[in-house]
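A.B. asks: Please work out how this folds:
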Amino acid sequence: MEEHFFQCPYCWEEISMLLDYSVPHQSYVEDCEVCCNPIQISVTISDQTITGFEAQSIEQ
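C.D. replies: So this is what the prediction gives:
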């Protein structure tokens, strides 16, 4: 597990999350730790390196 920092698409605050580098493709919803809005997270990992990361707002 590694800590990764990114900007919330709602409140623009920098937040962090733990990523499991043993799973090559991940997609899930995580609530912002500052504003509590849901964020769609998509991560691709190859050779213990993040090769793709997206944090998108979920339209309600």
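
A.B. asks: Every contact and neighbour count from this point should use C-alpha atoms.
C.D. replies: Will do.

A.B. asks: Where does pLDDT dip in this structure?
C.D. replies: The model of the chain has pLDDT under 70 over residues 60.

A.B. asks: Show me the helices in it, by range?
C.D. replies: Using DSSP state H, the chain contains no helices.

A.B. asks: What is the distance between stretch 37-53 and the centre of its chain?
C.D. replies: Stretch 37-53 has its C-alpha centroid displaced from the chain centroid by 6 Å (C-alpha atoms, centre = their mean, to the nearest Å).

A.B. asks: I should have written stretch 25-39 there, sorry.
C.D. replies: Chain-centre distance of stretch 25-39: 7 Å, with C-alpha atoms, centre = their mean.

A.B. asks: Just want the most central residue of this structure.
C.D. replies: With distances taken as C-alpha atoms, centre = their mean, the residue of the chain nearest its centroid is I41 (4.3 Å).

A.B. asks: Look up which residues are beta-bridged to that one.
C.D. replies: Beta bridges link I41 to Y28, A55, judged by DSSP bridges.

A.B. asks: what ranges do the strands span in this structure?
C.D. replies: 2-7, 14-19, 25-31, 38-46, 49-57 (DSSP state E).

A.B. asks: Just name the most buried of the ones you listed.
C.D. replies: Across those, averaging neighbours per residue (mean count of other C-alpha atoms under 10 Å) puts strand 38-46 on top, at a mean of 17.

A.B. asks: what angle do that one and strand 49-57 make?
C.D. replies: Going by axes from the mean of the first three to the mean of the last three C-alpha atoms, to 10 degrees, strand 38-46 is angled at 170 degrees with respect to strand 49-57.

A.B. asks: relative to strand 14-19, how tilted is strand 38-46?
C.D. replies: Using the same axes, to 10 degrees: strand 38-46 against strand 14-19 is 50 degrees.

A.B. asks: hey, C-alpha coordinates of strand 38-46 in PDB?
C.D. replies: Output of strand 38-46 as PDB, limited to C-alpha atoms (Å, rounded to 0.1, in the frame of the first residue of the first chain):
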ATOM      1  CA  PRO A  38     -18.300  11.000  -3.900                       C
ATOM      2  CA  ILE A  39     -15.400  10.700  -6.300                       C
ATOM      3  CA  GLN A  40     -15.000   8.000  -9.000                       C
ATOM      4  CA  ILE A  41     -11.400   6.800  -8.800                       C
ATOM      5  CA  SER A  42      -9.800   4.800 -11.600                       C
ATOM      6  CA  VAL A  43      -6.200   3.600 -11.200                       C
ATOM      7  CA  THR A  44      -3.900   1.600 -13.400                       C
ATOM      8  CA  ILE A  45      -0.600   0.200 -11.900                       C
ATOM      9  CA  SER A  46       2.200  -1.500 -13.800                       C
END
